[in-house]
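Enquirer: Have a look; sequence and predicted model below, questions after that.
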Amino acid sequence: MRRLIGWTAGIVGIAALARLLARRRPRHAPSPPASAQPPVDDHAEALRRKLDETRAAEEREPTAAPEPDAPKESLEERRARVHAKAQEAIEAMHEEPLA
C-alpha cells in the first residue's frame, strides 16, 4: 500500500512540475504587428541619401571624356613603363641602409 501511495505521489508531482514549466514557457513567440517596420539605421540612411545625390549629380554633369587628341599608349608601352618604374622603386629600396 505504501508503494502505491509513493508512486501516486510521484506521478502527481511530475504532472504538477510539467504544468508549471509549460506555463512559464510561452508556446508561441509573440509576432510583431504587420505594420511595424524594423528600425532604420540613421547612418545607413545618410549613406543612401549621399549616394542618390552623387548619382543625380553625375546624370546632370557627365564626367569629362578623355581628349581625343591625346596620344594613346599601347598596352606593351604601358607595361614597359610600369615595369621600369617598379624596377626603380625596387632599386631605391635596396639602396636604403638598414637602421
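Expert: Structure's in. What do you need?
Enquirer: Point out where this protein drops to low pLDDT.
Expert: Within the chain, the segments meeting pLDDT under 70 span 26-40, 62-71, 96-99.
Enquirer: That one: helices as residue ranges?
Expert: 2-24, 42-60, 75-95 (DSSP state H).
Enquirer: can you dump the C-alpha coordinates of stretch 7-16 into PDB?
Expert: The C-alpha coordinates for stretch 7-16 follow below in PDB (Å, rounded to 0.1, in the frame of the first residue of the first chain):
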ATOM      1  CA  TRP A   7       4.000   6.000  -7.000                       C
ATOM      2  CA  THR A   8       0.900   8.100  -7.000                       C
ATOM      3  CA  ALA A   9       2.500  11.000  -5.200                       C
ATOM      4  CA  GLY A  10       5.500  10.800  -7.600                       C
ATOM      5  CA  ILE A  11       3.200  10.900 -10.700                       C
ATOM      6  CA  VAL A  12       1.200  13.800  -9.300                       C
ATOM      7  CA  GLY A  13       4.400  15.600  -8.500                       C
ATOM      8  CA  ILE A  14       5.800  15.100 -12.000                       C
ATOM      9  CA  ALA A  15       2.500  16.200 -13.600                       C
ATOM     10  CA  ALA A  16       2.500  19.400 -11.400                       C
END
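Enquirer: Let's have the helices of the chain in a markdown table, adding mean neighbour count.
Expert: Heads up, the C-betas are built off the backbone N, CA and C, glycines and all. Converted to a markdown table, those look like this (neighbours: other Cβ atoms under 10 Å):
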| stretch | mean neighbour count |
| --- | --- |
| helix 2-24 | 9 |
| helix 42-60 | 10 |
| helix 75-95 | 10 |
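Enquirer: any idea how far the residue nearest the centre of the chain is from L51?
Expert: When Cα atoms, centre = their mean is applied to the chain, the residue found nearest the centroid is A44 (11.6 Å). According to Cβ to Cβ, to the nearest Å, A44 and L51 sit 11 Å apart.
Enquirer: Point me to the residue sitting farthest from the middle of the chain.
Expert: By Cα atoms, centre = their mean, the chain has its most distant residue from the centre at M1, 67.5 Å.
Enquirer: ok, it to W7 distance?
Expert: Taking Cβ to Cβ, one finds M1 at 11 Å from W7.
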